[in-house]
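Enquirer: no sequence for this one, just the structure:
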């Protein structure tokens, strides 16, 4: 968890309930013409009213200036030191689609891709082919066999799939086949054993030799798989090739529930966020495919848990598309759900984001993210609008996201005084 | 560098250019009468306009409440954890005047001083004698010999010089001769071996015994030198004595260029800042003696580098003098150069300071320092003035200076997303 060694001595149970609404890609940045951010341009009266009754601030997801992926962005919100606890992309994807991942397994995120007659990449996402087209291709890849290693391929969504390797002595310390650019063929995989300070010298974990051996074995297996995959797919243009990246094993993270003495549940329509919650031991409640379904699920299960992680995806998706108006509308759509959330009477309501996705930047960015926290102990502090400019004048100031859970626990009466 | 272990995996080259203008002693504090700081009193329309288009905040050089020297102040701005990477004053001065300093050499900053007939100090800076008077005196000291140690003395500026000791088994772990007060004689030098956690226990580096031995040898050599120096100078009043402090060896720091994948250059009229840049491997471009010369040098070499450290000294000098009006004028003089800097079209412009030097305090202080960062991703955020009071309401909040480089790299497209 965070660098607060007395957490386990201070957490305490209480009857109160915490609802943490994570608005993916919540933060934005001003557009050149209007000089207003998406939140400033949006009509969000319910969020504005909440800002007027809450403790407000901006959160830094990882460090000032660092644009985080969804993994570190969420782990910070859950109070895990994001520089210490890392989740690989492959592991995250695998768990998100409920593909079993055991200790020692190695998973990669796969993309279907397009190559030309010379085998050079022309589209790293195969024209973003639909799930209908991609799922049978993943089934074909799933039939590939490689001696000494068990192969499993499972379709995720659109052009994406997961490859899982299972067997003795495998390693995530290998390079990727995705060259991250066009006009060149996919790369051969090589061992890439990192220097982990102290590991060799102090004899923790495996020796460098053992790790190199495992990486070599894994790289050979992947190269054998990739050669067959290219053959299997060659007549399936635009998906006539595939790319693999984000090699990772199952990370070992402290449990969210035991660490905070909470009985946590996660409600998320998108697989990756369910996977994330599952990795830290939250109960993942099945739900539908949009936020309305999530809110209905929340209402149905409200009595059963004392902490809910509720995920809202559309703001990030619109920001990634670079679509200012769409992101604005996504935030307005969220605003309409706020009364339903308040109806459940959470003792502590946290509204936060895992990172900013300004539509002018069309990607995850490093900007601080609005955060508010409403409880019986908040009555507002002069912040009148729910946006980047107003919220930064709140009492929380600009602070690291990993401290949000401590704030939430204290407001919920779940964290005792530190020291006599 | 800073505690961000994934830096090397995330830095990436791009065509963009970063210009970091370090305004020495930038920060100030309100004067009693006007209740305005130097920046608030100054007419700085160009800086104000920049604040209106930038990401703004205040930087904490080291820790809240810590007044830093120029070494840690600058190292923080360059992204070096200032509590981990220390540069001694002697080493900094030596390198600033291009006096060769090899591993194992020990250097000290020397002052010419005045003593009375009893040998008690009456002026620790010998009336700030001119370079014309001081340089020949340094030459006299340079002729002193001490058995077993090679002595070199080189004049710096005004009343200041560097003493360098070279030989086997020397150490920086000795006390200073400067008593830092008047009415007493200079001090004898003694070994001062510090407790460095873990060094003895794990056998890293030298044992405490070896370090004590080296310190004793060095102290003896320095005392022998000091005795001869007092004799050599006795008829040269006001410079009839000298003081030594800031014993230091050459520090080993990670290279700035390789760490950030930058091709960095430094432009500074004052030797110490050139020395600092040289220690971290920046190319130091020869320039003139004032900021106008620096800006001309910058323009001339603009095409050759993707990062420039440009140093502005007069604000600190005026603050150290306790001269509010002079510091105000120094800031106004800087403001007039801003259009010339913008003409070069830096992709990322950072204006920051290594520490505050409020003229009411007449010394480096612990106050947070204004910082702004302007790029294609900034359009302003409601901050309308470039000063301490306005800038703290910017989106960057108050944050540690060591993160400024991460911000600059992200704005420049030189830092990839962290984690999936």
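Expert: Noted; the coordinates are in hand. None of the values given here were measured: they were computed from a predicted structure.

Enquirer: so, low pLDDT: which residues of chain A?
Expert: Within chain A, the stretches with pLDDT under 70 are A:196-205.

Enquirer: domain boundaries for chain A, per the record?
Expert: A:7-87+A:252-411, A:92-248 (automatic domain parsing).

Enquirer: highest average neighbour count across the ones you listed?
Expert: domain A:7-87+A:252-411 (a mean of 21; mean count of other CB atoms under 10 Å in any protein chain shown). To be clear about C-beta, it is placed using only N, CA and C from the backbone, and glycine gets the same treatment.

Enquirer: thinking again about what came up before, turn the domains of chain A into a markdown table, including distance to residue B:122.
Expert: Putting the domains of chain A into a markdown table (distance: least, CB to CB, whole Å) gives the following:
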| stretch | distance to residue B:122 |
| --- | --- |
| domain A:7-87+A:252-411 | 49 |
| domain A:92-248 | 53 |
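
Enquirer: between those domains, which one is nearest to residue B:70?
Expert: With CB to CB, the closest approach to residue B:70 among the domains of chain A belongs to domain A:7-87+A:252-411: 22.9 Å.

Enquirer: wait, isn't residue A:141 in contact with residue A:226?
Expert: No - taking contacts as CB atoms under 8 Å, residue A:141 lies outside contact range of residue A:226: 10.2 Å.

Enquirer: what is in contact with the two at once?
Expert: Taking CB atoms under 8 Å, 6 or more residues apart in numbering or on different chains as the criterion, residue A:141 and residue A:226 both touch residue A:242.

Enquirer: redo the domains of chain A as TSV? Include distance to chain B.
Expert: Converted to TSV, those look like this (distance: least, CB to the nearest CB, whole Å):
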stretch	distance to chain B
domain A:7-87+A:252-411	3
domain A:92-248	6
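
Enquirer: which of those domains sits closest to residue B:116?
Expert: Closest among these, using CB to CB: domain A:7-87+A:252-411, at 53.1 Å.

Enquirer: now do the same end-to-end measure for stretch A:234-242.
Expert: By CA to CA, to the nearest Å, the extent of stretch A:234-242 from end to end equals 10 Å.

Enquirer: all the strands of the stretch 101-250 of chain A, in order from the start?
Expert: Listed in chain order, the strands found in the stretch 101-250 of chain A under DSSP state E, counting those that start in this stretch are A:106-115, A:121-123, A:150-157, A:160-166, A:241-248.

Enquirer: reformat these as TSV; add distance to residue A:180.
Expert: Formatted as TSV, these follow (distance: least, CB to CB, whole Å):
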stretch	distance to residue A:180
strand A:106-115	11
strand A:121-123	10
strand A:150-157	19
strand A:160-166	16
strand A:241-248	8
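
Enquirer: which of those strands sits closest to residue B:217?
Expert: Closest among the strands of the stretch 101-250 of chain A, using CB to CB: strand A:241-248, at 54.1 Å.

Enquirer: so which residues make contact with the closest one?
Expert: By CB under 8 Å, 6+ apart, strand A:241-248 touches A:87-93, A:106-115, A:119, A:121, A:124, A:126, A:141, A:161, A:163, A:172-174, A:176-178, A:186, A:189, A:218, A:222, A:226, A:229-230, A:233, B:420.

Enquirer: what about that strand, distance to the chain center?
Expert: Its chain's C-alpha centre lies 18 Å from the corresponding centre of strand A:241-248 when counted by CA atoms, centre = their mean, to the nearest Å.

Enquirer: between strand A:150-157 and that strand, find me the angle.
Expert: 100 degrees (axes from the mean of the first three to the mean of the last three CA atoms, to 10 degrees).

Enquirer: strand A:160-166 and strand A:241-248, what's the angle between them?
Expert: Using the same axes, to 10 degrees: strand A:241-248 against strand A:160-166 is 60 degrees.
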